[in-house]
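Novice: Attaching a predicted model along with its sequence, questions to come.
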Amino acid sequence: TQKSGKIFKLPFAIDVYTGANKVRHNVWMENKIDSFTFSYNTKPDLINVDGDKILLCTKKDNKTAENYVHQIKHASLYLDRREALDYFAKNNMGELARGLSDKYAPLRRYTIGKIGAGKMKDVPSLVSTIEKLANEETDKKTKAAAIAFLAKTKDAKYLSIYEKNVNDSSYTVSGEALNGLTALEPEKAYTLAKKYSADAKGRLGEVVSTIVMSEGTEADFDFIYNRYNEMPLSQEKVSGTDAFTAYLLKVGNIASIKKGIDAMISFRNQIPEQFRSFIDPGIKGGLDKIAKAKGAEIEEYIKKGWK
């Protein structure tokens, strides 16, 4: 149905599946409402409208669960399989497991995310398959996603996976492994975080910053301050500012607190003005927490520095 007022003439394909056999019908959308009728000898297992996934439209399908199972088995496109996985996730269907063995790594990764965000995250068979991916997956981003999924369980039986991957060449994999290690062996994770802090980037850099700042003591101030202050202007530093704020709340030395506040305000002032509206609430909120916790002298110091 075309509701824009202007009628477009659009070619697209309708694929009719019977078993593994696909018959393609190339048709044209030419009117406000178009209907298409095709003859068949056996009831189709799937009718896949826009078989090439090229139409810019809002599509409402009335497919059954059986149709989507057939689609993920026989329709060849990435978007066909993703569409089926979305249906399985929404309806808590076991067929969602098919995505974990998809030939395309981003779909395997996408499936891990769907499982983690839904009601099936504790299904033993799915968790077991994700554990296997954490051990055997060759695509680094997907391997990292599997490790991140396991880390959220905080189950000690996955400790060996984190230990094995914490030195991986991929910052994403090593970062998720270190994050998993943190919940189980925080002291070891802190030692490793300090070790990696000099050149950690990406996800590893984010995890290192969080661990060092959350686990560090006042005696670590110079190390933590330098780590934060030397971070380049980046999303990593935006994320790390919350952890740095939490660390400053543990510091008692007034001079150190002021030095940390200067670093936060300096970071904020480096951000181009047109983007500050996105960043200011987070940084200012952190400074307000510090002011409230540390008293009048620090509150006044922040007021003078924040412009």
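Specialist: Yep, that arrived.
Novice: from here on, contacts and neighbour counts on C-alpha atoms
Specialist: OK.
Novice: now residue 144, nearest residue through space, not along the chain?
Specialist: residue 173 (4.4 Å; CA to CA, 6 or more residues apart in numbering).
Novice: tell me the SS of the one you found?
Specialist: Assigned by DSSP: H, G, I helix; E, B strand; the rest coil, the conformation of residue 173 is helix.
Novice: what residues are up against it?
Specialist: Contact analysis of residue 173 by CA atoms under 8 Å, 6 or more residues apart in numbering lists 140-141, 143-144, 147, 165-166, 204.
Novice: what's the average pLDDT for stretch 170-188?
Specialist: Averaged over stretch 170-188, pLDDT sits at 96.
Novice: So residue 27: helix, strand or coil?
Specialist: Once three-state DSSP is applied, residue 27 turns out strand.
Novice: What's the local residue count around it?
Specialist: 13 (other CA atoms under 10 Å).
Novice: Contact partners for it?
Specialist: 11-14.
Novice: Which ones among the residues you listed lie within strands?
Specialist: Among the contacts of residue 27, DSSP state E puts 11-14 in strands.
Novice: Please check those and keep the buried ones.
Specialist: Neighbour-count burial within the ones in strands among the contacts of residue 27 applies to 12-14; the criterion is 16 or more other CA atoms under 10 Å.
Novice: Nearest to residue 49 among these?
Specialist: residue 14 (4.6 Å; CA to CA).
Novice: Quick check: that closest one touching residue 46?
Specialist: No - using CA atoms under 8 Å, residue 14 is not in contact with residue 46; the gap is 10.3 Å.
Novice: mind putting the contacts of residue 27 in a markdown table, distance to residue 94 and pLDDT included?
Specialist: Formatted as a markdown table, the contacts of residue 27 follow (distance: CA to CA, whole Å; pLDDT from 0 to 100):
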| residue | distance to residue 94 | pLDDT |
| --- | --- | --- |
| 11 | 36 | 94 |
| 12 | 32 | 95 |
| 13 | 30 | 95 |
| 14 | 28 | 95 |
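Novice: Just the closest of those residues to residue 57, please.
Specialist: Distances from residue 57 to those, taken by CA to CA, are shortest for residue 12, at 11.7 Å.
Novice: Now do the contacts for that closest one.
Specialist: 26-29, 50-52, 54-55.
Novice: So which of those residues wins on neighbours?
Specialist: Neighbour counts for those (other CA under 10 Å) peak at residue 51, which has 21 neighbours.
Novice: secondary structure class for it?
Specialist: Following three-state DSSP, the label given to residue 51 is coil.
Novice: what does residue 109 give?
Specialist: Residue 109 is classified as helix under three-state DSSP.
Novice: Can you tell me, leaving aside adjacent residues, what's nearest to residue 210?
Specialist: residue 243 (5.6 Å).
Novice: Return the distance of that neighbour relative to residue 283.
Specialist: 11 Å (CA to CA, to the nearest Å).
Novice: Give me the pLDDT for residue 198.
Specialist: pLDDT, residue 198: 78.
Novice: My error: substitute residue 58 in the last question.
Specialist: Listed pLDDT for residue 58 reads 85.
Novice: list the buried ones in the worst-scoring helix or strand of the chain on mean pLDDT?
Specialist: Lowest on mean pLDDT, DSSP states H and E among the helices and strands of the chain sits helix 202-215, with a mean of 88. Neighbour-count burial for helix 202-215 flags 203-214 (criterion: 16+ other CA under 10 Å).
Novice: got those as a markdown table, with distance to residue 63 columns?
Specialist: Output for the buried residues of helix 202-215, formatted as a markdown table (distance: CA to CA, whole Å):
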| residue | distance to residue 63 |
| --- | --- |
| 203 | 39 |
| 204 | 43 |
| 205 | 45 |
| 206 | 43 |
| 207 | 43 |
| 208 | 47 |
| 209 | 47 |
| 210 | 46 |
| 211 | 47 |
| 212 | 51 |
| 213 | 51 |
| 214 | 49 |
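Novice: what's the closest of the residues you listed to residue 161?
Specialist: Proximity of the buried residues of helix 202-215 to residue 161, judged by CA to CA, is greatest for residue 204, which lies at 16.1 Å.
Novice: isn't that closest one right next to residue 168, touching?
Specialist: No - between residue 204 and residue 168 there is no contact under CA under 8 Å: 10.4 Å.
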